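> dropping the sequence and predicted coords here.
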Amino acid sequence: MRYFSLAGVLFAFWLALSGHYKPMLVIAGALAAVLCVLAAIRMRIADKEGHPVELVRGAITYWPWLSWEIVKSGWAVTKVLLHPRLPISPTMTAIRASQKTTAGLATYANSITLTPGTMTVGVSGGEFTIHALVRDNALDLEAGGMDRRVSQFEGTV
């Protein structure tokens, strides 16, 4: 089932990028998608990690939530940077990630980095070293809200 899903995603991506819907070109796009899936199978990369279809359900709620967090953090960083006294308090902290899969750990680390004002600067097993522009951002991460959301996305909660 994973292979059919991968072929469908690749074909839909091809259709979106090509913009050509003549029968000959659509058939060529479908063949290209199938050939790419066959190559991925041969290279052994069309696996659970390479095409994680089980994360689609969690992504429906996670990506909008993360987008809103990025907007909120971007606004907060803008206010700090435009403040006349530049009230920054750079902080390094270590947090423990509760994710069980490599996809979950990568999603958590990347979500921290995507959020303005925070950056994952080191990963050691399930522990992340985080740099925050202001102490409040570090405290928010230490509280574990994002960790819980990523665990829901991953399906371990």
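Cool, the structure landed.
> quick one: the strands in the chain, in order.
For the chain, the strands defined by DSSP state E cover 91-96, 118-124, 127-132.
> among the ones you listed, which comes closest to residue 26?
Of all the strands of the chain, strand 118-124 sits nearest to residue 26, with 41.7 Å by Cβ to Cβ. C-beta: built from backbone N, CA, C; applies to glycine.
> quick one: the most centrally placed residue in the chain and residue 153, what's the gap?
By Cα atoms, centre = their mean, the chain has its centre lying nearest to residue 107, at 4.5 Å. For residue 107, the distance to residue 153 equals 6 Å [Cβ to Cβ, to the nearest Å].
> swap in residue 87?
Per Cβ to Cβ, residue 87 is found 33 Å from residue 153.
> likewise for residue 73?
From residue 73 to residue 153 the distance is 18 Å (Cβ to Cβ).
> and these two? which has more neighbours close in?
It is residue 153, of residue 73 and residue 153, that has more neighbours when counted by other Cβ atoms under 10 Å, with 25 against 18.
> ok now do that one, which residues does it touch?
By Cβ atoms under 8 Å, 6 or more residues apart in numbering, residue 153 lies in contact with 55, 58-59, 61-62, 104, 107.
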